[in-house]
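S.K.: Below is the sequence, then the predicted model.
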Amino acid sequence: VQGTVKEQGFVLEFRLEPVIDEKELRGIIGVAIDSTQAEKAREDLRLSEERLRLVAETIDDVFWLSTPGIKEMVYVSSGYEKVWGRTKQSLYDDPKSFADAVHPADRDLVNKEMVRHTDGHWGPLEYRVIRPNGDVRHIRDRGFPVRDKNGNIRFLTGVASDITDMVLARQRSRDNERRLSVVVEAGKSGVFEFQLDGTAIYLSSRWKGIVGVELTKDLKESLEWFEGRIHPNDQESRKKSLANLANGLQREHDVTFRFSDDNGGYSWFHEVCRVLNKEDGKSAHIVGAIADVTSRVQLEKYLLEQRDQLDEEVKRRTSQLNARLKEKEVLMREIHHRVKNNLQVVSSLLRLQADQTDIQDIKNVFEDCINRVRTLALVHERLHRFDDVTNLQMDAYVQELVNYLVDTYCTQKRPSVTTHVELERVDIDTAIPLGLIINELVCNTLEHGVNTGNAHNLTISLTCRNDEILLIVSDDGQGFEDPDNVLNGTTLG
């Protein structure tokens, strides 16, 4: 008999053998070994392998482990399926099948590296692979040998990374540099180079053409002629900016100034330059470019004038719209006021008519009509009274409506009223039907519940769920005598 016992953190492996003499059991011989440390080591190794697997499976890089010469693929991460577009099982079945996807132009490079793989070498190398859908991905691959205690190579492990985005970014950068070179060569800017003390080292022919200096003038004469034609109000700021650049107080000289032209007027020049350190690190020059930006400055001036005019027009139209909006609010407020007054007249007429009869049922009908009209009038009254003439503050409206109905019906004993309204504001088209429904339900409760002594508490809840309004009016009375006959009534409420 053999087995393992685990108890309170200890692991004990045991084996028992019977001792038999002349077919008679004489005893039992047993061996027990404390395997606690060995079991802990195995558990630590399992956890370490699990962590490594989780890391390898959750990143896009391809982790691989193979025998020398790629005779067997021991492990490959899920990144292989993302990058190569092929299954891991296909690589386990044929360890060299990854090379089938290599771009034809890169196969010689990969084949040569596969020869070195037997000796424990792999990369670093970059190559392209073609996915089954035709996409081309750029790969950077590198492997390292894994040796046993005798120094023999047992495995090679490595990482293959998809560097397509980086390669494309480098290509775009090179393309941008070429485009920039073409733009500079074909541009309209003139290039110059000064020493830190302002002595001219180089003035391009384009520079001389822009400023209008004679091409036969030497550098010193050209620079003196140029500086003498800068507008007097701009000379000081330009000199100060160049001095700050030369003294290291600013990284770039970027100024726009006026320059006297041959017609007696002024053109606008834009000058940009930086300090250029030579290879010896000691001698520094100022290198820059100048361009005639007269057309741009004139356009900017025109656009600023147009913007100012547009701002004034916007202010004028905004003022008009605000005035019209104010007129609309006044008109809406007056409409609500007049509607409220008309409804009060209707309510008064109904009350006068009710006083003309002694029949209680007819009086009750008139009282119901008066309450409904009051419900409508209360909506317009609140819209007239507050700033928002289109949306009603529902919690205050419900509270005022219920208080009015309680005052009307309960002349002796008043119920305890609780309201819970989650809706903040609703438009008039929603407020009116809600008010009428609340009126009918509360009137019914007050008339048949509170006044008869069956109910003492009244609760009104108004909530919104999934764009639907839920209204609950309840009391603590005995309820309907015949609930099945509730919908068969002949009255409105």
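M.R.: Structure's in. What do you need?
S.K.: ok, so what distance separates Phe225 from Ser260?
M.R.: Careful, residue 225 is Trp and not Phe. 11 Å (C-beta to C-beta, to the nearest Å). C-beta coordinates here come from the backbone N, C-alpha and C atoms, glycine included.
S.K.: can you count the residues close to the closest residue to Arg15 other than its chain neighbours?
M.R.: Counting by C-beta to C-beta, 6 or more residues apart in numbering, Gln2 is the residue found nearest to Arg15 once chain neighbours are left out, at 4.2 Å. By other C-beta atoms under 10 Å, the residues close to Gln2 number 10.
S.K.: give the contact list for Gln2.
M.R.: Counting by C-beta atoms under 8 Å, 6 or more residues apart in numbering, Gln2 touches 13-16.
S.K.: And Arg351, by the same measure?
M.R.: 366, 370.
S.K.: Over to Ser347?
M.R.: Neighbours of Ser347 in contact, by C-beta under 8 Å, 6+ apart: 370, 373-374, 377.
S.K.: Buried among those residues? Need that as a selection in PyMOL.
M.R.: The following PyMOL line selects those of these that are buried, judged by 16 or more other C-beta atoms under 10 Å:
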select buried, resi 370+373+374+377
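S.K.: With respect to Ala284, which of the contacts of Ser347 is nearest?
M.R.: Nearest to Ala284 out of the contacts of Ser347 is Ala377 (C-beta to C-beta; 86.9 Å).
S.K.: The closest one: what's it in contact with?
M.R.: Ala377 neighbours (C-beta under 8 Å, 6+ apart): 339-340, 343-344, 347.
S.K.: now it, nearest residue through space, not along the chain?
M.R.: Ala377 sits nearest to Leu343 (C-beta to C-beta, 6+ apart), 3.8 Å away.
S.K.: Surely Pro95 touches Val74?
M.R.: No. Contact criterion C-beta atoms under 8 Å: Pro95 and Val74 do not qualify, at 9.1 Å.
S.K.: which secondary structure element contains the closest residue to Lys188 other than its chain neighbours?
M.R.: Distances taken as C-beta to C-beta, 6+ apart place Ala291 nearest to Lys188, at 5.9 Å, with adjacent residues excluded. Ala291 is part of strand 284-292 when elements are defined by DSSP states H and E.
S.K.: So what's the gap between that strand and the chain middle?
M.R.: Distance of strand 284-292 from its chain centroid, counting by C-alpha atoms, centre = their mean, to the nearest Å, is 43 Å.
S.K.: Point out the other helices and strands that it packs with.
M.R.: Helices and strands touching strand 284-292, as assessed by 3 or more C-beta pairs under 8 Å, 6 or more residues apart in numbering; DSSP states H and E, comprise strand 190-195, helix 205-211, helix 232-246, strand 266-277.
S.K.: ranking these by burial, who's on top?
M.R.: For the helices and strands packed on strand 284-292, the largest average neighbour count (mean count of other C-beta atoms under 10 Å) is found in strand 190-195, namely a mean of 19.
S.K.: Spell out, range by range, the strands that occur in the stretch 251-400 of the chain.
M.R.: 252-260, 266-277, 284-292, 391-393 (DSSP state E, counting those that start in this stretch).
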